[in-house]
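1. Got a predicted structure plus its sequence, pasted below:
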Amino acid sequence: MRNVDAAGLGIGDDHPPRIMGVLNVSQESPYDPSVFDDPGEAAAYVDEQLIDQGADIVDVGLESANKKFEVLSAEQELDRLDTAVEAIQSVSGDAVFSIETRYHEVAEEALQRGFEMVNDICGFADPEMPRVCDDYDVAVAKMASPPDLERPGAIEEVDDIYDALELNGFTDKTILDPAFGGWSEAKTLEDDRDTFRRLREFRGYGYPILVSINRKNFLRELAGRSTEEALPVSLAATSMAVERGAHVVRTHDVAATRDAAVIGDAFSRDRLRDPDAGVEELDVTTVRESQRHVERLGIDDAYAEDTTIRVFELSDLDDAACDRLAAQAGTYGATVAAGTGDEVLLFGTVGALARLTDGFDGPAQVETALERIGESLK
């Protein structure tokens, strides 16, 4: 996993999770507390409610990306840029300033006028965007989207989201955003939840990950909360997202989100990472997560099943059944460990266990247990 330098701010596995606060100069934006058209008021908000509360990055939006609103042209976004520039020039605190846009012209103008990072909500649908970000040597958050400047984030299936992130390639300082939220009519809350469950897979590209999950519907619906009541569910998800590999969390609730991210980071699994020795333990817990790294490295897909281990307890087996299972498990690369009672542990790679469940010949009781294990491996 590479680290990214965003105007001196380190982002990646070697750094703590970063908090991206939000400022909108778009009158149509749905979140009123973050919307300003007066540069002085905007600067005060950034200092007091974002930077002082723990924001490392301030993301400035020129228009709402809500699909209910008409998409602004690059010229219309540029008309709003003066307010954004004046606001960030008046901020006294220290943060990295990111411009949220889909147009390379807007990104370039913003970078010339003091912005230090780009948040591309259309994921390089503008093919000139990566060139601009490379030319200015800035970090860029790339949200998974179709190749259409009017349809940010409008992808549903997790596999499609993963593939969409490849659109027009990557820069050396790309940060990946899997696009949580209702970006299209076809995208369901369960689609978002499936993306969240599989968040570690997005590490397969080897770039840092940004998540924008603050008070999102796919979380609120689980707890039956309104937007105003949804902070606790957002914080729970933030800790989980960081534990699953997210490096940047975009939020309107900076102080509380920072605390949640700190907890997620503190309880993340320790993994060996020593660039000097050329070794990194990958964050892999499922076969699909492993497949992403296998694909990245150009390794045969068949190896993915032999990179993750599963452990099962089987009970109420007599001695003959245990002996039969142990003998055959070994031939397929799995292991059986017996305890002092009638329980045993069966463990091995997913590949080994799959081969055992397919090839086992023995007592019906064991065959039934192995059949259920085989189903769970799929």
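-> Received it, and whenever you're ready, just let me know what you need.
2. From now on I want contacts and neighbour counts done on CA atoms only, so please keep to that.
-> Fine.
3. which SSE is residue 160 in?
-> Following DSSP states H and E, one finds residue 160 within helix 158-164.
4. Restricting to C-alpha, output that helix in CSV.
-> What follows is helix 158-164, C-alpha atoms only, in CSV (Å, rounded to 0.1, in the frame of the first residue of the first chain):
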residue,chain,number,x,y,z
VAL,A,158,-19.4,-3.7,-5.9
ASP,A,159,-17.5,-5.4,-8.7
ASP,A,160,-18.5,-2.6,-11.1
ILE,A,161,-17.5,0.1,-8.5
TYR,A,162,-14.1,-1.6,-8.2
ASP,A,163,-13.6,-1.7,-12.0
ALA,A,164,-14.9,1.9,-12.5
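5. Who are the packing partners of that helix?
-> Applying 3 or more CA pairs under 8 Å, 6 or more residues apart in numbering; DSSP states H and E, we find helix 158-164 packed against helix 189-197.
6. Could you tell me which residues within the helix it packs on count as buried?
-> Applying a neighbour-count criterion of 16 or more other CA atoms under 10 Å, the buried positions in helix 189-197 are 189, 191, 192, 193, 195, 196.
7. Residue 199 versus the fourth one, what's the distance?
-> What it means is residue 193. Using CA to CA, to the nearest Å, we find residue 193 at a distance of 10 Å from residue 199.
8. what secondary structure does the residue sitting furthest away from the middle of the chain sit in?
-> For the chain, the residue at maximal distance from the C-alpha centroid (CA atoms, centre = their mean) is residue 320, at 47.9 Å. The three-state label given to residue 320 by DSSP: H, G, I helix; E, B strand; the rest coil is helix.
9. Tell me the spacing between it and residue 365.
-> Distance of residue 320 to residue 365, computed by CA to CA: 11 Å.
10. what does the model give residue 34 for pLDDT?
-> As predicted, residue 34 sits at a pLDDT of 61.
11. what does residue 82 give?
-> At residue 82, pLDDT is 94.
12. Wait, a strand at it?
-> No - the assignment for residue 82, made by three-state DSSP, is helix rather than a strand.
13. Show me how this structure divides into domains.
-> Domains of the chain are assigned by automatic domain parsing as 4-268, 273-307, 309-376.
14. where does the stretch 151-300 of the chain have low pLDDT?
-> Applying pLDDT under 70 to the stretch 151-300 of the chain picks out no residues at all.
15. Deepest in the core, which of the domains of the chain is it.
-> domain 4-268 (a mean of 20; mean count of other CA atoms under 10 Å).
16. Quick one: distance of that domain to the chain centre.
-> Taking CA atoms, centre = their mean, to the nearest Å, the mean C-alpha location of domain 4-268 is offset from the chain mean by 11 Å.
17. First-to-last residue distance for it?
-> Per CA to CA, domain 4-268 runs 20 Å from first to last residue.
18. now, among the buried residues of helix 189-197, which is nearest to residue 237?
-> residue 196 (8.9 Å; CA to CA).
19. Return the distance of the closest residue to that closest one other than its chain neighbours relative to residue 189.
-> Of all residues not flanking residue 196 in the chain, residue 241 sits nearest, at 7.6 Å (CA to CA, 6 or more residues apart in numbering). Look at residue 241 and residue 189: by CA to CA, they are 17 Å apart.
20. C-terminal to the helix holding residue 160, which secondary structure element comes first?
-> Toward the C-terminal end, the helix or strand that comes next after helix 158-164 (DSSP H and E) is strand 174-177.
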